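Novice: pasted the sequence and its predicted model underneath.
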Amino acid sequence: MSRPLDILVQEMRVITQLRKVAAVLSWDQETHMPANSAKARADQLALIISLAHSRFTGAEFRSSLGLLVDLKTGQVDAASLTADQVRMVEMTWRDWRRAKALPVDFIGKLARLTSEAQGVWQLAREKNRYDLFAPYLERIFEMKRQEADHLGYSGEPYDALLDNYEPDATAAQITALFDRLRPVLVDMVSRIGVDSGNGRTALLEQKFDLDQQWEFGLQVLRDMGYDMSRGRQDRSAHPFTTDFHPSDVRITTRLSETDLPMGLFSSIHEGGHALYEQGLNEAHFGTPLCEPISLGIHESQSRLWENYVARSRAFWSWYFPQLQERFPEQLSGASVDDFYAAINVVSPSLIRAEADEVTYNLHIMVRFDLERALLNKELEVSALPTAWSEKMQSYLGIKPRTDSDGLLQDIHWSLGALGYFPTYTLGNLYGRQIYAAADSQIHDLEGRIAKGDLKTLREWLRENIHIIGRARTAEELLVSLTGEPLSAEPFIAYLEEKYGQLYPQLKKSRPSMVGENNGR
Ligand code: ZN
């Protein structure tokens, strides 16, 4: 390693360690911290985070970085560096430029606003009082417009915010994808209609012992290759994954006696995230080569396991008999097909987090359209409830009776996480393309899954995605694996195939699409 690169990497490791210390404190806060310790913990977290930030944006880091890259243009002095090292420096510069772009007092002001806004949002949701939250939403969108200006963008302000989560993606690109996907989904939803489950879900509407649920979830996680000697599962109000190092990746889950799928699928979802973090190359710890590519690629790993593996017929042909053994009273009379149909019911619903595979992305489109319109000042905060209802009606054919079941349901806006929602749909689309690539390269993938062999897939993902870190962009990764850039087609084909079997009405072709309003 060249001497200047060596110095830069040492410095990055220190900064990363500080951030990971903060992550340990946050993990503890969400899982084990006593109720009255929040104030002290907030002070500790704020200190560590500001130490990391000032070290990253300080003079010393600047001069180490300046030896390898033109700080103005990002042009790397590639002499004596390998291709991966050049990418490492490019990505570091990119992060550094963004961190430097925001004035310290702006960061402090935004942090105070969003921390206050979270409390107000919680109260507003509980009491169904949008009027309490609206003034905060106004200020948050105003500050995020300023943030976009600080960061810079070539298209529209939304691009600068999206870039925080999905580097290089643009609102125009997301719009094109959504325009392709939306009419297909709206059509499927209207053909399926409101499906109350017709008795199919009765199977799931029983009580399931929590300890047995916990054990079954752990067993699936172990089979997936989640290394319990380098990770653990705890309980929290909202499931999440956090990592302190590839050798210490933690997940949480939430269980309910009356909702077996919730706990199980959230464990598998977080397990998918955790495999990505455990699979990063720890030799590069502290640098972008040991970091995930983007939120969308991260979500592709969780969705791939949750939906494309664990909601498949093959998966349950292996696991259902084992689930029956744990819950003989509840499940002994049911078949694999009964269970498979019950966990794949499609019906429009109000709550994004509980939505099925077909309707889920329509929820994301509602948020994307409104968020973008608010940011561009094409929509007033005061008009949001009406606009929300209209979008829901147009895309999903239903609308909420209360704001709590509508625009107040998600925490993201109170956190200032604008530009975040599209990464969920990107995860679904990337995930499907990646699954298709794995399927074409692994002999009899479905047959393996049906025999409980999940590790072959884990190994493929590790070698082809996890180990790479940010040495490739999302687009480079997709093209190298599939030969194609990001596309909605594999996802559409998957939905049509899978749900065409579950809902025969989807197979019949429509007489004519002319003159129809597809919810655009
Ligand atoms: Zn996720």
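Specialist: Nice, I can see it. What you are looking at is a predicted structure, and each value in this text was computed from that prediction instead of being measured.

Novice: and the contacts of stretch 115-133?
Specialist: By CB atoms under 8 Å, 6 or more residues apart in numbering, the surrounding residues in contact with stretch 115-133 are 136-137, 140, 384-385, 402-404, 407-409, 411, 413-416. Using the backbone N, CA and C atoms, a C-beta is placed for each residue, glycine as well.

Novice: what does stretch 303-311 give?
Specialist: Contact with stretch 303-311 is made by 220, 224, 264-265, 268-269, 271-272, 275, 315, 343-344, 357, 427-428, 431-432, 434-435, 449, 454, 457, 461, 494, as judged by CB under 8 Å, 6+ apart.

Novice: and the residues you listed, which of them are in helices?
Specialist: Under the assignment DSSP state H, the contacts of stretch 303-311 contribute 220, 224, 264-265, 268-269, 271-272, 275, 315, 427-428, 431-432, 434-435, 449, 457, 461, 494 to helices.

Novice: tell me the domain boundaries of the chain?
Specialist: 3-127, 171-507 (automatic domain parsing).

Novice: which of the ones you listed sits most buried?
Specialist: Looking across the domains of the chain with neighbours counted as mean count of other CB atoms under 10 Å, the highest average goes to domain 171-507: a mean of 19.

Novice: for that domain, the distance to its chain's centre please.
Specialist: For domain 171-507, the gap between its own C-alpha mean and the chain's C-alpha mean amounts to 8 Å (CA atoms, centre = their mean, to the nearest Å).

Novice: which residue packs closest to residue 140, ignoring adjacent ones?
Specialist: Of all residues beyond its chain neighbours, the one nearest residue 140 is residue 416 (5.5 Å), with distances taken as CB to CB, 6 or more residues apart in numbering.

Novice: grab the most central residue of this structure for me.
Specialist: To find the centre residue of the chain, average its C-alpha atoms and take the closest one (CA atoms, centre = their mean): that gives residue 299, at 4.0 Å.

Novice: can you tell me the average pLDDT over the helix or strand containing that residue?
Specialist: Element membership for residue 299 (DSSP states H and E) is helix 295-303. Helix 295-303 shows a mean pLDDT of 98 in the predicted model.

Novice: please apply the same query to stretch 482-499.
Specialist: So the average pLDDT for stretch 482-499 ends up being 96.

Novice: and the contacts of that stretch?
Specialist: The contact list for stretch 482-499 (CB under 8 Å, 6+ apart) reads 173, 177, 180-181, 184-185, 188, 192, 308, 344, 346, 357-358, 426, 428-430, 432-434, 436-437, 474-475, 478-479, 506.

Novice: can you rerun that using 6 Å?
Specialist: Contact partners of stretch 482-499, identified using CB atoms under 6 Å, 6 or more residues apart in numbering, comprise 177, 180-181, 184, 429, 432-433, 436-437, 475, 478-479, 506.

Novice: stretch 26-40 now?
Specialist: When contacts are defined by CB under 6 Å, 6+ apart, stretch 26-40 is touched by residues 41, 234, 236, 242, 250.

Novice: in the sheet, which strands lie alongside the regular element (helix or strand) spanning the fourth one, parallel or antiparallel?
Specialist: Following DSSP H and E, the helix or strand that holds residue 242 is strand 241-245. Applying DSSP bridges, strand 241-245 is found paired with strand 248-253 (antiparallel).

Novice: list of residues touching the partner strand?
Specialist: The set of residues external to strand 248-253 that reach it, using CB under 6 Å, 6+ apart, is 27, 231-234, 236, 239-243, 263, 266-267, 270, 274, 277-278.

Novice: mind doing that once more with 8 Å?
Specialist: Counting contacts by CB under 8 Å, 6+ apart, the residues touching strand 248-253 from outside are 27, 30-31, 217, 221, 226, 230-236, 238-244, 263, 266-267, 270-271, 273-274, 277-278.

Novice: also stretch 81-96?
Specialist: Residues outside stretch 81-96 that contact it (CB under 8 Å, 6+ apart) are 1-2, 5, 8, 12, 56-57, 61-62, 65, 68-69, 71, 74, 76, 78, 167, 284, 287-289, 291, 470-472.

Novice: 6 Å instead, please
Specialist: Identification of contacts with stretch 81-96 by CB under 6 Å, 6+ apart yields 68, 69, 74, 76, 78, 287, 288, 289, 470, 471.

Novice: okay, it in PDB with CA atoms only?
Specialist: What follows is stretch 81-96, C-alpha atoms only, in PDB (Å, rounded to 0.1, in the frame of the first residue of the first chain):
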ATOM      1  CA  LEU A  81      -3.000   2.500  -6.800                       C
ATOM      2  CA  THR A  82      -5.000  -0.600  -7.800                       C
ATOM      3  CA  ALA A  83      -8.400  -0.200  -9.300                       C
ATOM      4  CA  ASP A  84     -10.100  -1.100  -6.000                       C
ATOM      5  CA  GLN A  85      -7.900   1.500  -4.200                       C
ATOM      6  CA  VAL A  86      -8.900   4.200  -6.700                       C
ATOM      7  CA  ARG A  87     -12.500   3.400  -6.000                       C
ATOM      8  CA  MET A  88     -11.900   3.400  -2.300                       C
ATOM      9  CA  VAL A  89     -10.500   6.900  -2.500                       C
ATOM     10  CA  GLU A  90     -13.200   8.100  -4.900                       C
ATOM     11  CA  MET A  91     -15.900   6.900  -2.500                       C
ATOM     12  CA  THR A  92     -14.200   8.500   0.500                       C
ATOM     13  CA  TRP A  93     -13.900  11.800  -1.300                       C
ATOM     14  CA  ARG A  94     -17.600  11.600  -2.200                       C
ATOM     15  CA  ASP A  95     -18.600  11.000   1.400                       C
ATOM     16  CA  TRP A  96     -16.200  13.700   2.600                       C
END
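
Novice: work out for me the element the residue nearest to residue 381 when sequence neighbours are not counted sits within.
Specialist: With CB to CB, 6+ apart as the measure, residue 138 is the residue that lies nearest to residue 381, at 4.8 Å, once sequence neighbours are left out. Under the assignment given by DSSP H and E, the secondary-structure element containing residue 138 is helix 130-151.

Novice: next, the buried residues of that helix.
Specialist: Neighbour counts over helix 130-151 (16 or more other CB atoms under 10 Å) mark 130, 133-134, 136-137, 139-141, 143-148, 151 as buried.

Novice: now for those: which two are most distant?
Specialist: Using CB to CB, the pair of these lying farthest apart is 130 and 151, separated by 29.1 Å.
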